[in-house]
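> Prediction below, plus the sequence it came from.
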Amino acid sequence: MDLARTEVAARRRAGAARLGLVAGPVAFFAVFFAYPVAAIVARGLKDGDGWHLGRITEVAASADVRHVLWFTTWQALASTALTLLIALPAAYVFARLDFPGKQVLRAVVTVPFVLPTVVVGTAFLALVGRGGLLDDLWGVRLDTTVWAILLAHVFFNYAVVVRTVGGLWAQLDPRQEEAARMLGASPFRAWRRVTLPALAPAVAAAALMVFLFTFTSFGVVQILGGPTFATLEVEIYRQTSQLFDLGTAAVLTLVQFAAVAAILAVHAATVRRRETALRLVDAAATARRPRGGGQWALLGGVLLTVPVLILLPLAVLVQRSFGDGGFGYYRALTREDGGTFLVPPIDAVGTSLTYALAATGIAVLIGGLAAAALARRDAGRLVRGFDALLMLPLGVSAVTVGFGFLIALDEPPLDLRSSWVLVPLAQALVGVPFVVRTMLPVLRAVDGRLREAAAVLGASPWRVWREVDLPLVRRALLVAAGFAFAVSLGEFGATVFIARPDNPTLPVAVARLLGRPGDMNYGQAMALSTILMIVCAVALLVLERLRTDRSGEF
């Protein structure tokens, strides 16, 4: 009888702990994500006469909107296919081959992923735009063409495929493929029949993530697409900030939300399949020196692709920031021009670092609680479903979230429009999914018997976390904080609405400078982009030194 009562009490404590862990993240997302998005949608579809749901049909029937939706989907599919084609060989190289400088090269190819999209667009503008490297050498311009957008998307998402597919490939037991070879299968047949089926869930997950990022692309298309090309995200921005047509913007937001929800549902299914269907081995034991002409050729191709695709745009960006060889553009950043900014543009560096640190603290707290709740083996279906919801801020219109902040958070007790904390809150929404995705695999790997033993000895849930989980996941927590810092530093879509003129962030400052004519504004934009790139690259190199688990999505 006493044993039964003890078990019931333990289950109640576990249930209370689970609810306590998930309560904070649920409240955070309800107030700072669901509420602002719902507010701007309601503002667009409702007035004093009630709801105007017929507006949905009216907007959906518009030829212009159908064209935007078609281009958004088409360019996302093309970007995904091109990224897989170029990055899958690199995933094999990083997974199966061992060569000098491998970890440094891995960090280099990941730099674009943590760069703000506005910097990616700026880098390609310096490479393929008017007065860019290709224009100077051969008179070739690709800006305002779909090719510039596709190449920039490959540049940005290259690391998604390398990390997602390569991380799993490195943990597949190579002896299975070798056994097929010994039974008479050709190398290609052995790969197709043994390795490819095992990799399929990871390839599907990577493809869906790339499609998600390119489907919601904003900064890259805004800078490189010009007036000719617009994704749903760019059109939402135009309808909101330039035409003030909140009805059309609300309908487009609902369309994008539905598409992203479907993508995330498929992504969640592929992740679950990858976690439960495979037997994995230590990744450190599967890499070896290249053997044979095929492997050396593949390694050479990757070593050639990385400088051309990854390093060249970044190098051109740095070169353009120096103009004719001096530091004039950098010196100009320290002066107030009285037009674009109310403060010297260089002040955006300190502002961005302050906001990013605050956003990192929020993201680690909320994401850490969510990951701890999701990692519990007794987590219910409702709690597990919250995992997919945590990814929504990566796909739902950041423009909608930013403008929703201005509309929704304007009355007590949530009148935050004049508060500096508004920007870190928006940035933290993007950082939380990265914290969860980084910490969750490590938390799930903690032996549950350790927690149970501590609980039997009388430790409270908080003490169990502090004494058992935290020492084991401390390094993963630092990596998660680093990712949250990098993505917060580069957030642009929401921040462009809520950053104050006297406190612009680096991405907002770059976009404003690019929006003004003149070589000096262009040069300052390149200089600020270079500074932002260096900060992100340093953060990433620190992450690579901290990181011990080379698998996972990020």
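It's in.
> I366 is in contact with L425, correct?
No. Taking contacts as CB atoms under 8 Å, L425 lies outside contact range of I366: 10.4 Å. (C-beta placed from N, C-alpha, C; glycine too.)
> what's the neighbour count on the nearest residue to R181 once chain neighbours are set aside?
Nearest residue to R181, sequence neighbours excluded (CB to CB, 6 or more residues apart in numbering): A190, at 5.0 Å. By the measure other CB atoms under 10 Å, the count of residues near A190 is 20.
> Name all residues that make contact with the residue nearest to R55 when sequence neighbours are not counted.
Nearest residue to R55, sequence neighbours excluded (CB to CB, 6+ apart): G247, at 4.9 Å. Residues near G247 by CB atoms under 8 Å, 6 or more residues apart in numbering: G44, L45, H52, R55, V59.
> Helix, strand or coil: sort out the residue nearest to R181 for me.
Of the three states, A190 takes helix under DSSP: H, G, I helix; E, B strand; the rest coil.
> how much space is there between it and L369?
45 Å (CB to CB, to the nearest Å).
> How about L84?
Taken as CB to CB, the span from L84 to L369 is 35 Å.
> what's the distance between R466 and G24?
17 Å.
> Same check on V165?
Distance from V165 to G24, by CB to CB: 34 Å.
> Looking at those two now, which is surrounded by more residues?
V165 (26 against 15).
> what's the average pLDDT for the helix or strand that contains the more buried one?
Element membership for V165 (DSSP states H and E) is helix 146-169. Per-residue pLDDT over helix 146-169 has a mean of 86.
> which secondary structure elements does that helix contact?
Helix 146-169 sits against helix 63-96, helix 102-114, helix 117-128, helix 196-215, helix 219-224, with contacts defined as 3 or more CB pairs under 8 Å, 6 or more residues apart in numbering; DSSP states H and E.
> re the thing from before, can you flag the buried ones in the contacts of G247?
Those of the contacts of G247 that meet the buried threshold are G44, L45, R55, V59, by 16 or more other CB atoms under 10 Å.
> wait, the second one sits on T248?
Read it as L45. No. With contact defined as CB under 8 Å, L45 does not reach T248; the gap is 10.3 Å.
> Please identify every residue contacting each of the two.
Common neighbours of L45 and T248 (CB under 8 Å, 6+ apart) are R55.
> Excluding chain neighbours, what is closest to E233?
E233 sits nearest to F218 (CB to CB, 6+ apart), 4.2 Å away.
> so how far is L151 from T144?
Applying CB to CB to T144 and L151 gives a distance of 13 Å.
> So which of the two has more stuff around it?
Taking neighbours as other CB under 10 Å, T144 and L151 compare with L151 leading, 22 against 16.
> give me the number of residues near H67?
Neighbours around H67, by other CB under 10 Å: 12.
> Do you know the pLDDT at it?
88.
> got the angle for the host helix or strand of N521 vs helix 102-114?
Taking DSSP H and E as the definition, N521 sits inside helix 519-546. Angle, helix 519-546 to helix 102-114, by axes from the mean of the first three to the mean of the last three CA atoms, to 10 degrees: 130 degrees.
> For helix 519-546, buried residues please.
Going by 16+ other CB under 10 Å, helix 519-546 has these buried residues: 521-533, 535-537, 539-541, 543-544.
> With stretch 194-209 instead?
Buried residues in stretch 194-209 (16+ other CB under 10 Å): 194-195, 198-199, 201-209.
> TSV for those residues, including pLDDT and distance to V234?
Formatted as TSV, the buried residues of stretch 194-209 follow (pLDDT from 0 to 100; distance: CB to CB, whole Å):
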residue	pLDDT	distance to V234
V194	71	43
T195	72	39
A198	75	38
L199	77	34
P201	74	32
A202	75	31
V203	82	29
A204	80	27
A205	73	26
A206	80	25
A207	86	23
L208	81	22
M209	79	20
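> wait, which of the helices and strands packed on helix 146-169 is closest to V31?
Closest approach to V31 among these is made by helix 196-215 (24.3 Å; CB to CB).
> by contact count, what packs against that closest one?
helix 63-96, helix 146-169, helix 246-276.
> next structured bit after the last one?
Downstream of helix 246-276, the first helix or strand assigned by DSSP H and E is helix 292-305.
> ok, for G301, nearest residue in space, not its chain neighbours?
P89 (6.4 Å).
> List the contacts of the one you found.
Counting by CB under 8 Å, 6+ apart, P89 has contacts L298, G301, V302.
> Check the gap between the second one and S79 for me.
Distance of G301 to S79, computed by CB to CB: 21 Å.
> ok, I40 touching T253?
Yes. Using CB under 8 Å, I40 is in contact with T253, at 7.1 Å.
> could you point out where the stretch 101-250 of the chain is predicted with low confidence?
173, 177-178, 180, 185, 187-188, 191 (pLDDT under 70).
> circling back: so which of the helices and strands packed on helix 196-215 has the densest surroundings on average?
helix 146-169 (a mean of 24; mean count of other CB atoms under 10 Å).
> Return the angle between stretch directions for that one and helix 196-215.
Using the same axes, to 10 degrees: helix 146-169 against helix 196-215 is 140 degrees.
> Am I right that P412 falls within a strand?
No. P412 is assigned coil when assessed by three-state DSSP, not a strand.
> Need phi/psi at it.
phi -60, psi 150 (degrees, to the nearest 10).
> still on that earlier bit, ok, so of the buried ones among the contacts of G247, who is nearest A486?
Checking these one by one against A486 (CB to CB), the nearest turns out to be G44, at 32.9 Å.
> which residue sits closest to that closest one, ignoring its sequence neighbours?
Per CB to CB, 6+ apart, closest to G44 is A250, 2.8 Å.
> Then L45?
The nearest residue in space to L45 (CB to CB, 6+ apart) is A250, at 5.2 Å.
> so who does V260 touch?
Contacts of V260 by CB under 8 Å, 6+ apart are L212, F215, T216, L392, G395, V396.
> Between all of the residues you listed, which two are separated the most?
F215 and L392 (13.3 Å).
> which of the two has more neighbours?
F215 (22 against 18).
> doesn't R437 make contact with A476?
No. Under the contact definition of CB under 8 Å, A476 does not touch R437, with a separation of 10.7 Å.
> More neighbours: the two, which one.
A side-by-side neighbour count of A476 and R437, using other CB under 10 Å, places A476 first with 24 against 21.
> What helices and strands are in contact with the helix or strand hosting the more buried one?
Per DSSP H and E: A476 is located in helix 470-490. Where contact means 3+ CB pairs under 8 Å, 6+ apart, helix 470-490 is packed against helix 102-114, helix 117-128, helix 347-375, helix 422-445, helix 506-514, helix 519-546.
> circling back: quick one: the contacts of G247 as TSV, columns for pLDDT too.
Formatted as TSV, the contacts of G247 follow (pLDDT from 0 to 100):
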residue	pLDDT
G44	76
L45	80
H52	68
R55	75
V59	78
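> Can you work out which residues contact both of I40 and T253?
Common neighbours of I40 and T253 (CB under 8 Å, 6+ apart) are T400.
> so who does V432 touch?
P25, F28, A363, I366, G367, A370, L390, P393, A484.
> export the residues you listed to a markdown table and tack on neighbour count and distance to Q222?
Formatted as a markdown table, these follow (neighbours: other CB atoms under 10 Å; distance: CB to CB, whole Å):
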| residue | neighbour count | distance to Q222 |
| --- | --- | --- |
| P25 | 24 | 31 |
| F28 | 21 | 28 |
| A363 | 30 | 25 |
| I366 | 25 | 29 |
| G367 | 29 | 28 |
| A370 | 28 | 31 |
| L390 | 24 | 26 |
| P393 | 23 | 19 |
| A484 | 29 | 24 |
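> so which one among these has the lowest pLDDT?
L390 (76).
> Quick check: V364 touching A476?
No. Applying CB under 8 Å, one finds V364 not in contact with A476, separated by 11.1 Å.
> Alright, I will stop here.
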